[in-house]
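In: build the 3D model from these lines:
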Amino acid sequence: MKFVLLFGPQAVGKMTVGHELERITSLKLFHNHQTIELLQPYFGFSPEMWRLSTLFRKEIFEAMARSDQPGFMFTFVWGFDLPSDWEFVEETCRIFESQGHEVCLVELEADLEERLKRNKTPHRLEHKPTKRNIERSEQDLLMTMENHRLNSLPGEIARDNYMRIQTSDRTAAETAQLIRDRFQL
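Out: The predicted structure is shown next:
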């Protein structure tokens, strides 16, 4: 199995690229909002919602790592200034690597103007109901960007199976093709 972690700031295109990869490979996408959208109506954006989300994700990762699936993807907004996010990524990679699977890290980046446009796309809003309040979603995007570092520094990720893609001027299909080719998915 190959496990692909697609990460980057909000509205950079992680889920959309993941859907394109799902279309052109045998990988299955589990995007981070699937647990958020499940739990948020019951718990809001509370510590309990995040606790359960993390628990569900870990259980799903462990079950997939034990499965005979050919590939799996997950999307994540990685705060590089947050030790807890580093721990989450390390633990997630360890779950798959402990079962002998190859882990591929894909960092997406795009300029703010493009991300603000993508924050309103029908595809995003269809799959992420909590983003449908555009004003609140945009404020969250800007606040998160101001408070956290959401892209890595050069050399910060020291893994062979890592690539960084500027997506501002690329379609999701073009980005997915680059990822597929780089990691032979």
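
In: tell me which element Thr75 falls in.
Out: Taking DSSP states H and E as the definition, one finds Thr75 inside strand 71-76.

In: which secondary structure elements does that strand contact?
Out: Under the contact criterion of 3 or more CB pairs under 8 Å, 6 or more residues apart in numbering; DSSP states H and E, strand 71-76 touches strand 2-7, helix 14-24, strand 28-30, helix 47-66, helix 83-97. Bear in mind the C-beta positions are built from the backbone N, C-alpha and C, glycine included.

In: go through the ones you listed and name the closest to Glu138.
Out: With CB to CB as the criterion, Glu138 lies closest to helix 14-24 of those, at 17.3 Å.

In: buried stuff in that closest one?
Out: 14-21 (16 or more other CB atoms under 10 Å).

In: hmm, who's touching the helix or strand of the chain with the lowest mean pLDDT?
Out: Lowest mean confidence among the helices and strands of the chain (mean pLDDT, DSSP states H and E): helix 122-127, at a mean of 86. With CB atoms under 8 Å, 6 or more residues apart in numbering as the test, helix 122-127 has contacts from 11, 15-16, 19, 31, 33, 118, 131-132.

In: quick one: residues contacting the residue nearest the centre of the chain.
Out: Computing the C-alpha centroid of the chain and ranking residues by CA atoms, centre = their mean puts Thr75 first, at 1.6 Å. Residues near Thr75 by CB under 8 Å, 6+ apart: 5-7, 14-15, 18, 29-33.

In: quick check: of the residues you listed, which lies closest to Ala63?
Out: Nearest to Ala63 among the contacts of Thr75, with distances taken as CB to CB, is Phe30, at 10.8 Å.

In: any idea how far Leu112 is from the closest one?
Out: 27 Å (CB to CB, to the nearest Å).

In: what about those two, which has more around it?
Out: The neighbour comparison of Phe30 against Leu112 (other CB atoms under 10 Å) goes to Phe30, with 16 against 13.

In: count of neighbours near the nearest residue to that one once chain neighbours are set aside?
Out: Closest residue to Phe30 apart from its sequence neighbours, by CB to CB, 6 or more residues apart in numbering: Phe74 at 5.2 Å. Phe74: 22 surrounding residues under other CB under 10 Å.
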